[in-house]
Structures are given as C-alpha cells and as structure tokens.
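[1] A predicted structure for the sequence below; I have some questions about it.
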Amino acid sequence: MNGLEELRPGLFRWTALHPDAEENPDPGSPADWGPEVGSVAWAGPDALVLVDPLVPAGRPELLAELDALEREHGKPMHILTTLKFHRRSRPGLAARYGAATSRARRALPEGVEAITIRGAAETMVWLSGPRALIPGDRLLGEDAGGVRLCPDSWLRYLPGGMRREELRAALRPLLDLPVELVLVSHGQPVLENGREAIAAVLPG
C-alpha cells in the first residue's frame, strides 16, 4: 500500500486493498484479481479528476492526501468510473468534495475523454495532456510490464456474450491514441510506450 504517487506533473496514482478481494481465487475465475487495486487523480486545467477512486476507511492518511491535493489545486472535482463494479468510494467522495460524477461528453472537464468500449460494458478514460489511458477491467497489467486482456470469465456476465476476439476488435480503436501510460486498475501500470503495449495484445 502507498499514498499518492506522482507519475507525471499533476498525474497521481495510488493503490489500496479492496475489501471484497478473495484471498486465494481460482486462476481465471471472476474473482481472479489482486487484492490491491489502482486509482487515479489528475489535476487538470479546470478540474481535479478522480478515476475509480478507492479510499478504504482504514486509510485516513490517503484521505488527508486527497484533501490536500483538492485544496492545493483549487478547482472543482470530477469523479469518473469506468464500469459499474468500480464505483468503490465514489458516493462518499462525491459528497465530501461536492464533486460532479457525469460521464456525459458535454460535462467532462477539459482534456478528458470518455471512450466507450462497445459491447464490453466499460468506458475507459483518456487524459490527453499526460497521454494516459485509464481502463477498468478489460485491460490488466502484467507484473513484467505490458498489458493483457481480462480472463474469459470476466466477459460472461455481459448481455451480448462477448468473446476474446470480439473484445480485441472493440479495443482496436485505442491504437488511434498516442498512449504513453496505461494506468490499469488491476496489476502493474505501464508508464511508457503504452500504445505499443496495447498493440501487443491486439494482433491483426
């Protein structure tokens, strides 16, 4: 566990233990994700943006860091979630900071784009300034660097019954972005050459 780590000027990531994580999940199962999950804060031109924030009750020092960042930045806060399972601490933080939570295009802060992954029940967040892509569950971090697709079991609840090849096709538009960082929720983030890391799992 750690506090806010500044990856680029004004771009922060932190990890926290998720209370619903299973201790020994079966490999490839819906519960097969590490107990620590990542969250992002970006001090943008006109808003402090949080993406998929998790601030457990037992981490008062983390909340204090967010308080300090919010005071220092002095702009309104906007909280975004990439999919329904990542609402996490959004309600409490939205109430604490009077934050907006809309993903509507017209309501997004400057330099923030919501990228809908069709059929995957996920909306990734693109921060054009730091060239950072923030996925939810469809792209995961690899311990040795790079990214990987989520397990097949993570797709089974989708109404359309998406398969891996369909997911790859839905993710290919990401290659049109000049991605430098891929700030995943699960696993290690990619801190350089992000587009190349995404391309490696999207052959063809």
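    Noted; the coordinates are in hand.
[2] name the nearest residue to the spatially most central residue of the chain, ignoring sequence neighbours.
    The centroid of the chain falls nearest to residue 134 when counting by C-alpha atoms, centre = their mean (4.0 Å). Once flanking residues are discounted, residue 134 sits nearest to residue 125: 4.2 Å by C-beta to C-beta, 6 or more residues apart in numbering. Yep, even glycine has a C-beta here, placed from its N, CA and C like the rest.
[3] separation between the one you found and residue 49?
    8 Å (C-beta to C-beta, to the nearest Å).
[4] quick revisit: so in terms of bridging, what pairs with the residue nearest to residue 134?
    Note on residue 125: beta-bridge partners residue 114, residue 134, judged by DSSP bridges.
[5] shaky segments in this protein?
    Where the chain drops to pLDDT under 70, the residues are 1-2, 20-34, 204.
[6] quick one, strands of it?
    Along the chain, counting by DSSP state E, strands occupy 5-8, 11-17, 36-43, 48-51, 77-80, 112-117, 122-127, 132-134, 139-141, 147-149, 181-182.
[7] can you pull the contacts of residue 18?
    Residue 18 makes contacts with 35-37, 54, 88, as judged by C-beta atoms under 8 Å, 6 or more residues apart in numbering.
[8] turn those into JSON lines, columns for distance to residue 160 and neighbour count.
    Shown next, in JSON lines, are the contacts of residue 18 (distance: C-beta to C-beta, whole Å; neighbours: other C-beta atoms under 10 Å):
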{"residue": "35", "distance to residue 160": "30", "neighbour count": "14"}
{"residue": "36", "distance to residue 160": "30", "neighbour count": "17"}
{"residue": "37", "distance to residue 160": "26", "neighbour count": "21"}
{"residue": "54", "distance to residue 160": "28", "neighbour count": "23"}
{"residue": "88", "distance to residue 160": "25", "neighbour count": "22"}
